[in-house]
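Starting from these lines, generate the structure:
(2 chains)
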Amino acid sequence: MTGGGVKPWALHLALIAVLLTAQFWLSPYHATNLARIMVLAVFAMGYNLAFGYTGLLSLGHALLLAAGMYAAGLPAQLWGWGAGPAFIAGVAGGGLMAAALGLLALRTAGVSFMIVTLMFAQAGYLTLLYFAPVTGGDDGFAVAAASRRLLGFDLSTDTPRFLAALLIFAAGLLISLALIRSPFGRTMVAMRENEERSRMLGYNPFTVKLAALTISGLYSGAAGAAYALLFGYVGASFATIQYSILPMLYVLLGGAGTTLGPFLGALVMFTLIEVATGLTSAYLFFVGAALVALVLFAPKGILGTIRERWVRWLP
Amino acid sequence: MAFGPFLLLALMEGLVTAAVLALAASGLSLVFGVMRVVNVAHGEFYMLGAVLAWVVTTMIPGPPALAFVAALLIAPLIVATLAALADGLILKRLAYDPEATIVATIGLLYMIQQAALSLYGPNANPVRAPFEWRIQLPWFGYSGYKLFVVLAALAVLLALWLFMTRTKAGLIMRATQVDRTTACAFGINVDRVYMSTFALGAGLAALAGVLVVPIQQAHYLMGGDPLLLSFIVVIIGGLGSLRGTLIAALVIGLSDGVISMFFTPTLAKILATLLVAMVLVFRPQGLFGAKA
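Numbers count the residues shown, from 1 in each chain, chains lettered A, B, ... in the order given. Presented below is the predicted three-dimensional model:
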């Protein structure tokens, strides 16, 4: 995590360049899937900043994803906002929700923190169901075509959608790399490794964790808003516990506390589920088995193991 | 119906909820108390109990009472065996690390749920009650089976309490709860204690599932609500305290019965969930529990 100079930046920029070319050699179907994976990876990156770097194991991130999704989708639906303002509203929505969640939930730690975040997310989901006439409930609603245009591009068509997803992903990836290499990023890791010692060194654990969770919420909000605007669907099902588990699964698989882990995890898991649904309808069984296998045999994930064994400079 | 009898009916329904909840939650509380493991798959053990009760009663011919008694014995036993396996194969190898076990039990939840969907199917199936008495009150008739559920739950909880306080095995469990390392030093096989605790906890959940299935049909998604409610009960009662669990189950069950008669269930659930989250934030030791 420390040192490494320009190598990490080169690696991350190379990945972004490869993804940029991917739209030319992938079929439209796979390119759309890759766009979806990149959006989900932004969500997982946000989760990774809280869980992987700061040690906050939250089971309530679906609340933050849904906050971003509805903060972008509802103004578009009700007042006809364009894609730009709606996206900004979504990012802000995720951040605000995370700050509010953190103010309450960060008074607890460990197992209590997990249960409290789970319960707030569940309350959020039920609230979305309760206001089903506005939110669409479990059925959700389609975002109007007029709100899915940005600077004259139609985000519902293949190329603009892929580029928009890549842009958000690239921004998220580079910001997270810069963040964890900054002094604040080191403080986040210090909270994960030893909260008491960081407190003795004069850091306030509460404010550091609150800031980390809020940044995580901004990422989740961006992912939710991007999903609403790029794929044109907003629904309460994104607030279910399942969407709190998914980013955890991606991060654990790719490697918690690695910048590229969330993307790799999302890519591998998405592909695995895609293959599994081709073979059987019981894909949830694979998700469950993957979770168990990961905590049992590879608690550090793919990139975590690679970093430990071979590539020490991996951020 | 006048308000008085209406309230009485609400309270009686609440009492049944409380009884089932107390059983399920005592299992969760036991596992958390002794092993410090938050078992997210607990609701699935409850569901398995109900589904297996359906399987057993449809496979065994003869009078419904006999089939039901068989289900009451077989289903919790199978679920307890499964849980013991899960403990030996997964939880033990994680060294019972709190966060890793939560992730693992989430995985277990998905696997059990999917297995139930694939093998049992998406339909809800009824199980016949072992007997069909009705108790005729001046205002309404009431199912005798529901009262039997309350009595049965009380009997099981009493047995559990006697087991924990009066037997050697219970003493060993409590000793392990207080101090695992010292228990180990005194020659207690902690691994075996953990395995039987996990099996016992799962068995209690399954038993609750069997008891509830003649009232509420067996469905593969039925484990979600009891899991959340059990969490609520265990948190309010103080994690790991059996007496607190019982009191909290009564409070939650009765208020659930009353609230859901007068408000929409979704709003009631929102309020209950938020309330419990707030309790956990501001009074982490629970409303009745001693300071941890």
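
alpha carbons only for contacts and neighbour counts from here, please
Will do.

quick one: contacts for residue A:86?
The neighbours of residue A:86, taking Cα atoms under 8 Å, 6 or more residues apart in numbering or on different chains as the test, are A:71-73, A:75-76, A:225.

ok, now how distant is the nearest residue to residue B:178 once chain neighbours are set aside from residue B:207?
In space, not counting the residues next to it along the chain, residue B:178 is nearest to residue B:34; the distance is 7.9 Å by Cα to Cα, 6 or more residues apart in numbering or on different chains. Distance, residue B:34 to residue B:207, by Cα to Cα, to the nearest Å: 20 Å.

who has more neighbours, those two?
Counting neighbours by other Cα atoms under 10 Å in any protein chain shown for residue B:34 and for residue B:207 shows that residue B:207 has the greater number, 31 against 21.

With only the CA atoms kept, save the host helix or strand of the more buried one in PDB.
Element membership for residue B:207 (DSSP states H and E) is helix B:190-212. Taking Å, rounded to 0.1, in the frame of the first residue of the first chain, the C-alpha atoms of helix B:190-212 are listed here in PDB:
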ATOM      1  CA  VAL B 190     -15.200 -26.500  23.900                       C
ATOM      2  CA  ASP B 191     -15.500 -27.600  20.300                       C
ATOM      3  CA  ARG B 192     -18.200 -30.100  21.300                       C
ATOM      4  CA  VAL B 193     -20.000 -27.600  23.500                       C
ATOM      5  CA  TYR B 194     -20.100 -25.100  20.500                       C
ATOM      6  CA  MET B 195     -21.300 -27.800  18.200                       C
ATOM      7  CA  SER B 196     -24.100 -28.900  20.500                       C
ATOM      8  CA  THR B 197     -25.100 -25.200  21.300                       C
ATOM      9  CA  PHE B 198     -25.400 -24.400  17.600                       C
ATOM     10  CA  ALA B 199     -27.400 -27.600  17.000                       C
ATOM     11  CA  LEU B 200     -29.600 -26.800  20.000                       C
ATOM     12  CA  GLY B 201     -30.200 -23.200  18.800                       C
ATOM     13  CA  ALA B 202     -31.100 -24.400  15.300                       C
ATOM     14  CA  GLY B 203     -33.300 -27.100  16.800                       C
ATOM     15  CA  LEU B 204     -35.300 -24.600  18.800                       C
ATOM     16  CA  ALA B 205     -35.800 -22.500  15.600                       C
ATOM     17  CA  ALA B 206     -37.000 -25.600  13.700                       C
ATOM     18  CA  LEU B 207     -39.300 -26.500  16.600                       C
ATOM     19  CA  ALA B 208     -40.900 -23.000  16.400                       C
ATOM     20  CA  GLY B 209     -41.300 -23.600  12.600                       C
ATOM     21  CA  VAL B 210     -43.100 -26.900  13.100                       C
ATOM     22  CA  LEU B 211     -45.400 -25.400  15.700                       C
ATOM     23  CA  VAL B 212     -46.300 -22.500  13.500                       C
END
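
hang on, isn't residue A:314 packed against residue A:8?
Yes. If you go by Cα atoms under 8 Å, residue A:314 and residue A:8 touch, sitting 6.6 Å apart.

neighbour-wise, which of the two wins?
Set side by side, residue A:314 and residue A:8 show more neighbours around residue A:314, with 20 against 17, by other Cα under 10 Å.

Now do the same contact list for residue A:214.
In this structure, residue A:214 makes contact with A:95-96, A:98-99, A:102, judged by Cα under 8 Å, 6+ apart.

quick one: what helix or strand has it in it?
helix A:205-231.

Return the distance of that helix from the chain's centre.
7 Å (Cα atoms, centre = their mean, to the nearest Å).

repeat for stretch A:234-252
Centre-to-centre, stretch A:234-252 and its host chain are 9 Å apart (Cα atoms, centre = their mean).

Could you work out the end-to-end span of it for me?
From its first residue to its last, stretch A:234-252 covers 27 Å (Cα to Cα).

Which positions within the longest helix seen in chain B qualify as buried?
Of all the elements of type helix in chain B, the one with the most residues (DSSP state H) is helix B:3-35. Within helix B:3-35, the residues that qualify as buried by neighbour count (16 or more other Cα atoms under 10 Å in any protein chain shown) are B:7, B:9-35.

list the contacts for the residue of chain B found nearest chain A?
Per Cα to the nearest Cα, the residue of chain B with the smallest distance to chain A is residue B:107, at 3.7 Å. Contacts for residue B:107 (Cα under 8 Å, 6+ apart) come out as A:287-292.

next structured bit after the longest helix of chain B?
Under the assignment DSSP H and E, the closest C-terminal helix or strand after helix B:3-35 is helix B:42-59.

and that following helix with chain A, contact?
No. Interface with chain A: helix B:42-59 contributes nothing (Cα under 8 Å from any Cα of the partner chain), its closest point being 13.1 Å away.

So which elements touch that helix?
In terms of contacts (3 or more Cα pairs under 8 Å, 6 or more residues apart in numbering or on different chains; DSSP states H and E), helix B:42-59 is packed against helix B:64-86, helix B:98-120, helix B:190-212, helix B:224-237.

Break down chain A into its strands, ranges please.
Remark: strands of chain A, listed N- to C-terminal, are A:141-142, A:149-150, A:153-154, A:233-234; assignment by DSSP state E.

what stretches of the stretch 1-150 of chain A score poorly on pLDDT?
Within the stretch 1-150 of chain A, the set of residues satisfying pLDDT under 70 comprises A:1-4.

how about the residues of it that lie near chain B?
Contacts of the stretch 1-150 of chain A with chain B, taken as Cα under 8 Å from any Cα, map to A:57, A:104-105, A:107-108, A:110-112, A:115-116, A:119-120, A:122-123, A:126-127, A:129-130.

In helices, which of those residues fall?
The members of those that map onto helices under DSSP H are A:104-105, A:110-112, A:115-116, A:119-120, A:122-123, A:126-127, A:129-130.

Widest-spaced pair of the residues you listed?
Using Cα to Cα, the two most remote members of these are A:110 and A:130, lying 30.4 Å apart.

between those two, which one's more packed in?
Shown here are residue A:110 and residue A:130; by other Cα under 10 Å, residue A:130 has more neighbours (18 against 14).

ok, and the closest non-adjacent residue to that one?
Leaving out its chain neighbours, the residue that sits closest to residue A:130 by Cα to Cα, 6+ apart is residue B:266, at 6.4 Å.

now the one you found: how far from residue A:122?
Following Cα to Cα, the distance that separates residue B:266 from residue A:122 is 11 Å.

repeat for residue B:11
Between residue B:11 and residue A:122 the distance is 26 Å, computed by Cα to Cα.

same thing with residue B:88?
31 Å.

go on, residue B:187?
The gap separating residue B:187 from residue A:122 is 44 Å, by Cα to Cα.

Between these two, tell me which one has more neighbours.
residue A:122 (24 against 8).

what residues are up against the more buried one?
The neighbours of residue A:122, taking Cα under 8 Å, 6+ apart as the test, are A:60, A:239-241, B:273.

which one of these sits closest to residue B:196?
Taking Cα to Cα as the measure, residue B:196 lies nearest residue A:241 of these, at 29.6 Å.

wait, doesn't the closest one sit right on residue A:118?
Yes. Because the distance of 7.5 Å satisfies Cα under 8 Å, residue A:241 is recorded as touching residue A:118.

anything in contact with each of those two?
Taking Cα under 8 Å, 6+ apart as the criterion, residue A:241 and residue A:118 both touch A:59-60.

Which one of those two is surrounded by more residues?
Per other Cα under 10 Å, whichever of residue A:241 and residue A:118 has more neighbours is residue A:118, with 24 against 19.

Now chain A against chain B: closest residue?
Counting by Cα to the nearest Cα, chain A gets nearest to chain B through residue A:288 (3.7 Å).

Now do the helices in chain A.
Under DSSP H, chain A gives helices at A:7-25, A:28-48, A:61-79, A:83-105, A:110-130, A:132-135, A:158-181, A:183-193, A:195-200, A:205-231, A:242-254, A:261-279, A:283-297, A:301-309.
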